[in-house]
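> Need coordinates for the below:
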Amino acid sequence: MDKAGAAKSCTLGDRSTSDITVRLTNREGRPEWFYSHSSILINKSKFFADQLSHLDSTACIEIHCSDFDYDHHVSLLRLLYLPEDSVVDSFDSVKTAIGILQVAVALHCEEITQSCIQYLEAIPWEDKEEEEILKAVSKLGPVAMPIVARLQPVDLSTTRNVFVSAIRFATSIAAPCLPFGDELKTSAQEQVEYMLGEDEDTSLITADDEVKSVVKMGLSQICSSFEKELSSLLLESDLTSEAVEDRVLRSLSDLEWMCNILPKMDLMKEFVSNWTEISGRILTVVEDRKLDFLMWGLKVKLIEVTGKVLEAVGYGNVILPPPCRVQLLKTWLPYIRKMKPLLDSKGNEDLGFPHKMDEDLCESIEGAIVSLILALPSNDQADILADWMKTEQVRYPDLSEAFEVWCYRTKSAKRRLVEGLDKVGNAAVSL
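The predicted structure follows:
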C-alpha cells in the first residue's frame, strides 16, 4: 500500500487497527499513549523506521519530551496521518510551525520538515517571530536555511541599485506616485538614512561614482525646488495662509534632510557650495517687506540649516577658500544678528510663540562663527569685527572671544615685525 493509501485507511488512536504504541513522556513523567500504525511511522519517519527495526516484543516506542515541545510531538504524530499536500494547510501560526519543524528534524520526518519550511518561508513574520525563527534555524543547520533566504545579505550591486532608487524617490528625481508622493518620499528618506547606518558595505556604496552622481543630482533638484517654492511666496495674494508656509517648509525640510545625510557620504561640501550659491537669493525673498511679520517658522528653519553649514565650514569639516568663507559670513551674519532679537521679542510678547532660537542652537551658531572668523586672514577678521561693534546688536552673536584673539595676534604680529626690523638694522650697522 502506498503512503496516501495507508494514511487514508489508518487513524491515529484507532486501537483496533494499531500495531504499535508511541509513548510520550514529559519532564514531569506524565505519560500519554498513542495507538499508531507501523506502516505510517516507517514511511514518514526515518527515526521510527530505525526504532521499529530493533523493536522487541513490547511494540512500544518511548520518546522523552520537554514541557516546551510535548504538544509539538503530539501535533507531529497527527500530521503523519495527513496526506502530504494537506500538511501545509494545517499550520495555524508561526510558533506552531517552528515547534513542529524542530521535532520533525529530530525525528527525520522529511515530508513534514519540507512542509514546515514551505509554510514559514511563505508567510510574513512579526519582529518577535523573526527572532524565534532565527534562533530555531541556527540549531537546525542547512536543512532550514531556505526559511531565512529573505534575511540573507544581497550582493553589493543589488544593494547599490536599491540605494540609488531610494535616493531618486527621496529627492523627487523620480516622478512622484500620486496620490502617495509625499508619503513615498518620506519613507524613502527614512530608508536612505537607515541604509547609511554604520555597516561594512556602506563605505563601498557611498564611494561608488554612480551613487555620488545620483545624490548630487538629487541635491540640485531639491535646491531648485526650494528656490522655486520660496520665490513663489512673493506672488501669493494671501501670505497668512498656513498652507503656503507649509509648502515651503516641506521643501526646506528636504534640504535639511540632505544636510543630515551628506556628511555620511563625504559630500557635505556639495551642500555647502549649493547653499552658499543660493543664500543671496534666499535672503532677498525672506527679507522682503511682505514677509516682515510673517513666516517665522520658515525664518527659524533657515537659521537652523545655516547653522549646520557654518559648523561644517567653521570646524574644518568642509574646506573652502577664504573669499568663500568671508562671503558666507557676510551674507548670513547680519540676518542672524537681526532675527535673534526679533524672535526673542515675539516670544516675550506671546509666551505661546513656538518659533524660537533655543539655547543649543544659539551656542552652536555662535561657536561656529567665532571659529570661522579666527580662521580668516587678519584683515577680513578686522572688517567683520569692526562691523559687529558698529551695530546695536553686539550681544548676539557674542564675538568678544574672536576680538580678544584678534587683538592678541595683532600685537604679537606687530612685535614680531619690530623685532625683525631691529635685527635687519643691527645687521646693516655691523657691516
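
> element containing residue 112, please.
helix 110-122 (DSSP states H and E).

> May I have that helix as CSV, with CA atoms only?
Taking C-alpha atoms only, helix 110-122 is exported to CSV below (Å, rounded to 0.1, in the frame of the first residue of the first chain):
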residue,chain,number,x,y,z
GLU,A,110,11.3,14.7,5.7
GLU,A,111,7.8,15.4,4.3
ILE,A,112,6.7,17.4,7.4
THR,A,113,10.1,19.2,7.6
GLN,A,114,9.6,20.4,4.0
SER,A,115,6.0,21.4,4.7
CYS,A,116,7.1,23.5,7.7
ILE,A,117,9.8,25.1,5.7
GLN,A,118,7.4,25.9,2.9
TYR,A,119,4.9,27.5,5.3
LEU,A,120,7.5,29.5,7.2
GLU,A,121,9.2,30.7,4.1
ALA,A,122,6.0,32.0,2.5
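
> In it, which residues are buried?
111-120 (16 or more other Cβ atoms under 10 Å). C-betas here are computed from N, CA, C, even on glycine.

> and after it, which helix or strand comes next?
helix 127-140.

> For the helix or strand following that following helix, name the packing helices and strands.
Per DSSP H and E, the first helix or strand lying C-terminal to helix 127-140 is helix 156-170. Where contact means 3 or more Cβ pairs under 8 Å, 6 or more residues apart in numbering; DSSP states H and E, helix 156-170 is packed against helix 181-195, helix 202-206, helix 209-231.

> Check the offset of stretch 387-402 from the chain's centre.
40 Å (Cα atoms, centre = their mean, to the nearest Å).

> residues in contact with that stretch?
With contact meaning Cβ atoms under 8 Å, 6 or more residues apart in numbering, stretch 387-402 is reached by 333, 336-338, 340-341, 362, 365-366, 369-370, 373-374, 381, 384-385, 403.

> Try it again at 7 Å.
Contact with stretch 387-402 is made by 336-337, 340-341, 362, 365-366, 369-370, 373-374, 385, as judged by Cβ atoms under 7 Å, 6 or more residues apart in numbering.

> picking that back up, return the distance of the helix holding residue 112 from the chain's centre.
33 Å.

> Just the angle for that helix relative to helix 127-140, thanks.
140 degrees (axes from the mean of the first three to the mean of the last three Cα atoms, to 10 degrees).

> want to throw the helices and strands packed on helix 156-170 into CSV with distance to residue 353 and mean neighbour count?
Converted to CSV, the helices and strands packed on helix 156-170 look like this (distance: least, Cβ to Cβ, whole Å; neighbours: other Cβ atoms under 10 Å):
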stretch, distance to residue 353, mean neighbour count
helix 181-195, 28, 16
helix 202-206, 41, 16
helix 209-231, 23, 17
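
> nearest to residue 124, of those helices?
helix 181-195 (18.0 Å; Cβ to Cβ).

> re earlier: pick out the shakiest of the helices and strands packed on helix 156-170, pLDDT-wise.
Considering the helices and strands packed on helix 156-170 one by one, the lowest average pLDDT is found for helix 202-206, at a mean of 78.

> which strands and helices sit next to it?
helix 156-170 (3 or more Cβ pairs under 7 Å, 6 or more residues apart in numbering; DSSP states H and E).

> Now do the strands in the protein.
20-25, 31-36, 60-64 (DSSP state E).

> quick one, which of these is packed in tightest?
Mean neighbour count, computed with mean count of other Cβ atoms under 10 Å, is highest for strand 20-25 among these, reaching a mean of 18.

> now the angle from that strand to strand 31-36?
Put simply, strand 20-25 runs at 160 degrees to strand 31-36, going by the same axes, to 10 degrees.

> Could you give the average pLDDT over strand 20-25?
Rounded mean pLDDT across strand 20-25 is 90.

> circling back: just send the contacts of stretch 387-402 back as CSV, with neighbour count and pLDDT too.
Shown next, in CSV, are the contacts of stretch 387-402 (neighbours: other Cβ atoms under 10 Å; pLDDT from 0 to 100):
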residue, neighbour count, pLDDT
336, 21, 95
337, 20, 93
340, 19, 94
341, 13, 92
362, 18, 95
365, 25, 97
366, 19, 96
369, 25, 96
370, 19, 96
373, 25, 96
374, 16, 95
385, 17, 91
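
> could you dump the residues you listed to TSV with distance to residue 326?
Converted to TSV, the contacts of stretch 387-402 look like this (distance: Cβ to Cβ, whole Å):
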residue	distance to residue 326
336	16
337	16
340	21
341	24
362	23
365	17
366	18
369	12
370	15
373	10
374	13
385	13
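
> nearest to residue 104, of the residues you listed?
residue 365 (64.1 Å).

> What separation do you get for the closest one and residue 335?
Distance from residue 365 to residue 335, counting by Cβ to Cβ, to the nearest Å: 11 Å.

> Please apply the same query to residue 159.
The gap separating residue 159 from residue 335 is 42 Å, by Cβ to Cβ.

> And for residue 380?
19 Å.

> pLDDT value on the closest residue to residue 227 other than its chain neighbours, please?
Spatial nearest neighbour of residue 227, excluding adjacent residues (Cβ to Cβ, 6 or more residues apart in numbering): residue 278 at 5.9 Å. Note for residue 278: predicted pLDDT of 96.

> Count the residues that sit near residue 278.
Residue 278 is flanked by 16 other residues according to other Cβ atoms under 10 Å.

> is it true that it touches residue 228?
No: Residue 278 is not in contact with residue 228 according to Cβ atoms under 7 Å; the separation is 11.2 Å.

> residues contacting residue 384?
329, 373.

> circling back to that earlier point, ok, which pair from the contacts of stretch 387-402 is furthest apart?
Farthest pair in the contacts of stretch 387-402, by Cβ to Cβ: 341 and 374, 24.8 Å.

> quick one on the thing from earlier: in JSON lines, list the helices and strands packed on helix 156-170 along with distance to residue 288.
Output for those, formatted as JSON lines (distance: least, Cβ to Cβ, whole Å):
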{"stretch": "helix 181-195", "distance to residue 288": "28"}
{"stretch": "helix 202-206", "distance to residue 288": "39"}
{"stretch": "helix 209-231", "distance to residue 288": "10"}
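
> Select, out of these, the one closest to residue 40.
Of all the helices and strands packed on helix 156-170, helix 181-195 comes closest under Cβ to Cβ, at 49.7 Å.

> how much does the closest one deviate in direction from helix 156-170?
Using the same axes, to 10 degrees: helix 181-195 against helix 156-170 is 140 degrees.

> Contacts for helix 181-195 next, please.
Residues contacting helix 181-195 (Cβ under 7 Å, 6+ apart): 163, 166-167, 169-170, 172, 176-177, 257, 261.

> Sounds good, over and out.
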